[in-house]
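In: I need the structure of the sequence given here:
(chains A and B)
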Amino acid sequence: MSFFKATHIVKTYANHTALDDVSIEIPEGSIYGLLGPNGAGKTSLIRIINQITAPDSGELIFHSRPLCRADVNRIGYLPEERGLYKKMKVGEQAVYLARLKGLSKQDAVARLRMWFEKFGIGSWWNRKVEELSKGMAQKVQFITTVLHEPELLIFDEPFSGFDPINVELLKHEILELQQKGTTIIFSTHNMGSVEELCSHIALINKSHKILEGPINQVREKYANNTYKLSCRYNSNFNPAEVVGSEFNVLSQQIRDNHQDIILQQESFCPANTLLSRVLPAADIISFQKIIPSMNDIFIRLVKGQEHE
Amino acid sequence: MNKILIIINREFSTRVRKKTFLVVTIFVPILFTVFYAFLMWMLLKDDNEKRVIAVVNESRLEKPLEQINNTHFVYVDHELPESEYARYLREHDYYAIAKIPVSVMQYAEISLYSLSLIPLDLKNEITTQVQRGIEEAKRSDIVAQSNIPDLDRKLRATRTPVLTRTLIVSESGDSRESSSEITSIFGLIGGLVIYIFIFMYSSQVMKGVVEEKTNRIIEVLVSSVKPFQFLLGKIIGVAAVGLLQFLIWIGVGAVIIAASKLFLFPGLDIASLQGATDLGALAQNNAMQTEQLEILQYVAKTIDPSFVAQFMGAFLFYFIGGYLLYASLFAAIGAAADNETDSQQFITPLSIILIVALYIGISAMKNPDSSLVFWSSLIPFTSPIVMLTRIPFGIPAWEIIASMIILMASFLFFTWLSGKIYRVGILMYGKKVTWKELYKWLSYKG
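Out: Down below sits the predicted model:
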């Protein structure tokens, strides 16, 4: 049962197509990474989900029914380009934004007090935004995004502009929100945080979706049966003689007292068999299947398309 | 709908609490009052300065100059060269020397010598007195030469001062007295105020749009409300600020008028002044000079309550209509521009139209029915200013109604059009926009 679905979305501007027949499906409670190089169409898709713009064609399904105008109150959006009214006081501004998301004034104030307490920024209430640092303003904006407890949260590059401590704070909050059942769309270039946070991903390139699925399956899929074997260095050990015909030695590297060997599996052979062949010849430190990072997959796919 | 109210509330309350709002709201009425008080003072003030003017009378006129307010004349008998006059004036502490030459009967020319510039009023008064003296002398000559009995009295009877009343008639048979000078000033001030209001508040809308776009808060806002709703809320909120300011001014104005009446002319009421025919009696009752009352009556007659109500109504309508039309266009410009300097290229044509409207409005004072004025009071971009300057002259109701309907219709059309540009523009960053591109935006799907 999907929580949010966009099917066959097409969006054309005067001289280019931003999205060409893009479909995505976001499972409930997931952190869904929306990846892609600059100009791929991520922001266009996010704006369509937020109902800021309408698609030329295609359907948006929320809770198994077409997305409607009233749903904006159930969605929270933190855009990549952030900003607040500079001359307006922090508390007043946060209340205003919350009320536009359908909260009553009393609720907004009560919840804001709680969040301000939590972030330790209670004293900012009556300060103007222009008096805050960039990071401080970002915190305020994060709070205004999640204040109305949306079912679907959309973060566009949420960590840009934050220092490492605040990035940790934010990651913690995002995971906490997920545990409470919030579904999160997470658009970023930072593949490290994708692996850390996302349960599902979609990769968009040149207005097309080229990849979608649970992150583990995606990475598994791009794992091309390579293994890394580390042993204590032994000059008598020649891996090519030991590993057997099922494996090819792609590379070896000797560093300090270590010998790292990358093996390519040519035909099926259980890992235990391989290890039993190596055991008599070398002192094994570790053995693991190489699973490509999201970064590798991203670069491989996007570059691959450039050459087409 | 509820969200629009929240937006209106923010747009209104943040602006009203600004210091500039307070300053403008307080200072404009003060400025107007000071200006008006100065004008009244200039009109009503007595020339209180004590002066003595030496008269060198070489003509046969007998004491042609008599006391004018506090200016006295002494007749002196000096044969001084002109070069000595300055020293002479200083020595005797005379204000001026009036030289009436022998030839005055022929050439009607006198000279006033003074150390500083002589007030215009005083000069005019002296001229009039000498003129009367010459006329008097010439008349007595004629009377003496002819043998017609009672000629002097008969000639005097020919003197007839003329009073011109200007009346405006309407088809329903009413007629009301008006004075065209004052009504036209009314119209001009109305047109000017509308011009300033439209410019001031439309650019506030534009500034707001540019601000929201440049600091990117707009993206959050339009994820909560539709761009058009947001635009509407903003425009209405700013209009409310304008209306509040206007109402405060009317209130303050009423208080000032009431207070000044109480302090300056106690016991004088406008109604009796408007109807009064014997100003002399009224003047005596109020310890005022008849001339002062004449001026007051002149002003009072134009302050006909039904006219004021009609004018205020029209002012409000054209202010709101004109503002709505221009504000939506300014908002579209703000959305298309990436920063305030960028917006100049699009504002210039609109400013030119507004300034042209103001000039046509001024020309309407001279000829409120010329075809240029007529058409521009129907065209929505100029009608708020031009029609308002025309209204005090009394124009057919159908023209006003037609102009109002056209204004309403075009406001709706242009707001819709601007809404389309606004919607696309606010999300376009870092792009210099051309007119051609604006046109393309109209076809984008919201």
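
In: What residues sit buried inside stretch B:61-77?
Out: B:61, B:64, B:65, B:68, B:71, B:73 (16 or more other C-beta atoms under 10 Å in any protein chain shown). Placement of C-beta: from N, CA and C, glycine included.

In: Report the two of those separated the most.
Out: Pairwise distances across the buried residues of stretch B:61-77 (C-beta to C-beta) peak at 18.3 Å, for the pair B:61 and B:71.

In: what's the neighbour count on residue 106?
Out: Using chain A here. Look at residue A:106: counted by other C-beta atoms under 10 Å in any protein chain shown, it has 9 neighbours.

In: Let me rephrase: I mean chain B.
Out: Quick note: residue B:106 (other C-beta under 10 Å) scores 9 neighbours.

In: do the same with the one 3 residues further on
Out: Applying other C-beta under 10 Å, we find 11 other residues in the vicinity of residue B:109.

In: for residue A:264, same thing?
Out: Residue A:264, neighbours per other C-beta under 10 Å, totals 15.

In: How about it: what's its closest non-neighbour residue?
Out: In space, and not counting its chain neighbours, residue A:264 is closest to residue A:248: 4.5 Å by C-beta to C-beta, 6 or more residues apart in numbering or on different chains.

In: name the element that neighbour belongs to?
Out: Using DSSP states H and E, residue A:248 maps to strand A:247-255.

In: That strand: partners in the sheet, and parallel or antiparallel?
Out: Strand A:247-255 has the following strand partners under DSSP bridges: strand A:258-265 (antiparallel).

In: check contacts around residue A:206.
Out: Going by C-beta atoms under 8 Å, 6 or more residues apart in numbering or on different chains, residue A:206 touches A:40, A:41, A:305.

In: swap in residue A:11?
Out: Contacts of residue A:11 (C-beta under 8 Å, 6+ apart): A:17, A:18, A:19, A:41, A:44, A:48, A:53, A:55, A:56.

In: re earlier: closest one of the buried residues of stretch B:61-77 to residue B:253?
Out: Nearest member of these to residue B:253, counting by C-beta to C-beta, is residue B:68, at 36.3 Å.

In: Which pLDDT value goes with the nearest residue to that closest one once chain neighbours are set aside?
Out: Excluding the flanking residues, the one nearest residue B:68 by C-beta to C-beta, 6+ apart is residue B:125, at 4.8 Å. Per-residue confidence at residue B:125 stands at 86 (pLDDT).

In: Run a quick neighbour tally on residue B:125.
Out: 16.

In: try the one 3 residues further on
Out: Summarising burial for residue B:128: neighbours were counted as other C-beta under 10 Å, giving 11.

In: With residue B:418 instead?
Out: The tally of other residues near residue B:418 (other C-beta under 10 Å) stands at 25.

In: give the contact list for it.
Out: B:231, B:328, B:329, B:331, B:332.

In: confidence score at it?
Out: Note on residue B:418: pLDDT of 87.

In: related to what we said a few turns ago, I'd guessed the residue nearest to residue A:264 sits against residue A:267; true?
Out: No. Using C-beta atoms under 8 Å, residue A:248 is not in contact with residue A:267, being 10.4 Å away.

In: neighbour-wise, which of the two wins?
Out: Under the criterion of other C-beta under 10 Å, the comparison of residue A:248 against residue A:267 puts residue A:248 first, with 13 against 8.

In: Taking the chain centroid, which residue in the chain is the extreme one?
Out: Picked chain A for this. Note on chain A: the largest C-alpha distance from the chain mean falls to residue A:236, namely 45.8 Å (C-alpha atoms, centre = their mean).

In: actually it's chain B I care about, not the one you picked
Out: residue B:147 (56.3 Å).

In: And that residue, which helix or strand is it part of?
Out: Per DSSP H and E: residue B:147 is located in neither a helix nor a strand.

In: Output the set of residues of the stretch 151-300 of chain B in proximity to chain A.
Out: By C-beta under 8 Å from any C-beta of the partner chain, the residues of the stretch 151-300 of chain B that approach chain A are B:211-212, B:215-217, B:219-227.

In: State the distance from the residue nearest to residue B:63 when sequence neighbours are not counted to residue B:106.
Out: Among residues not flanking residue B:63 along the chain, residue B:75 sits closest, at 6.9 Å (C-beta to C-beta, 6+ apart). Using C-beta to C-beta, to the nearest Å, residue B:75 is found at 22 Å from residue B:106.

In: Next: residue A:254.
Out: Per C-beta to C-beta, residue A:254 is found 131 Å from residue B:106.

In: Give me the residues contacting the helix or strand hosting residue A:167.
Out: Using DSSP H and E, residue A:167 maps to helix A:164-179. By C-beta under 8 Å, 6+ apart, the residues outside helix A:164-179 that reach it are A:29-31, A:119, A:135, A:138-139, A:142, A:146, A:153, A:155, A:158-159, A:162, A:184, A:186, A:193, A:196-197.

In: go again using 6 Å as the cut-off
Out: Helix A:164-179 has contacts (C-beta atoms under 6 Å, 6 or more residues apart in numbering or on different chains) with A:31, A:135, A:159, A:184.

In: any idea how far it is from the chain center?
Out: On the basis of C-alpha atoms, centre = their mean, to the nearest Å, helix A:164-179 sits 13 Å off its chain's mean C-alpha point.

In: Just the buried residues of it, please?
Out: Buried positions in helix A:164-179, judged by neighbour count with 16+ other C-beta under 10 Å: A:166, A:167, A:170, A:171, A:173, A:174, A:177, A:178.

In: export the helix or strand following that helix as PDB, just CAs?
Out: Remark: after helix A:164-179, the chain's next helix or strand is strand A:183-187, criterion DSSP H and E. Once non-C-alpha atoms are left out, strand A:183-187 reads as follows in PDB (Å, rounded to 0.1, in the frame of the first residue of the first chain):
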ATOM      1  CA  THR A 183       7.100   9.900   5.800                       C
ATOM      2  CA  ILE A 184      10.000  11.900   4.500                       C
ATOM      3  CA  ILE A 185      11.200  12.900   1.100                       C
ATOM      4  CA  PHE A 186      14.800  13.900   1.200                       C
ATOM      5  CA  SER A 187      16.500  15.500  -1.700                       C
END
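
In: For strand A:183-187, what is the distance to the chain centroid?
Out: The chain centroid and the centroid of strand A:183-187 are separated by 7 Å under C-alpha atoms, centre = their mean.

In: likewise stretch B:26-46?
Out: Relative to its chain's centre, stretch B:26-46 lies at 13 Å (C-alpha atoms, centre = their mean).

In: model confidence over that stretch, on average?
Out: For stretch B:26-46, mean pLDDT is 74.

In: that's a helix at residue A:83, yeah?
Out: No. Counting by DSSP: H, G, I helix; E, B strand; the rest coil, residue A:83 is not found in a helix; it is coil.

In: Could you double-check that it lies in contact with residue B:220?
Out: No. Judged on C-beta atoms under 6 Å, residue A:83 makes no contact with residue B:220 at a distance of 7.9 Å.

In: between the two, which one's more packed in?
Out: residue B:220 (25 against 19).

In: tell me which element the more buried one falls in.
Out: For residue B:220, the element it lies in under DSSP H and E is helix B:217-221.

In: Grab the CA positions of that helix and hand them over as PDB.
Out: Provided in PDB are the C-alpha atoms of helix B:217-221 (Å, rounded to 0.1, in the frame of the first residue of the first chain):
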ATOM      1  CA  ILE B 217      10.400  32.900   1.800                       C
ATOM      2  CA  ILE B 218       7.900  32.900  -1.100                       C
ATOM      3  CA  GLU B 219       8.600  29.200  -1.800                       C
ATOM      4  CA  VAL B 220       7.400  28.300   1.700                       C
ATOM      5  CA  LEU B 221       4.400  30.600   1.500                       C
END
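
In: and the helix or strand that that helix is followed by, how far out from the chain's middle?
Out: Using DSSP H and E, the next helix or strand after helix B:217-221 towards the C-terminus is helix B:227-264. Computed by C-alpha atoms, centre = their mean, the chain-centroid distance of helix B:227-264 equals 19 Å.

In: Could I get the contacting residues of the closest residue to chain B within the stretch 201-308 of chain A?
Out: For the stretch 201-308 of chain A and chain B, the shortest gap (C-beta to the nearest C-beta) falls at residue A:207, measuring 16.6 Å. The contact partners of residue A:207, taken as C-beta under 6 Å, 6+ apart, are A:17, A:19, A:20, A:41.
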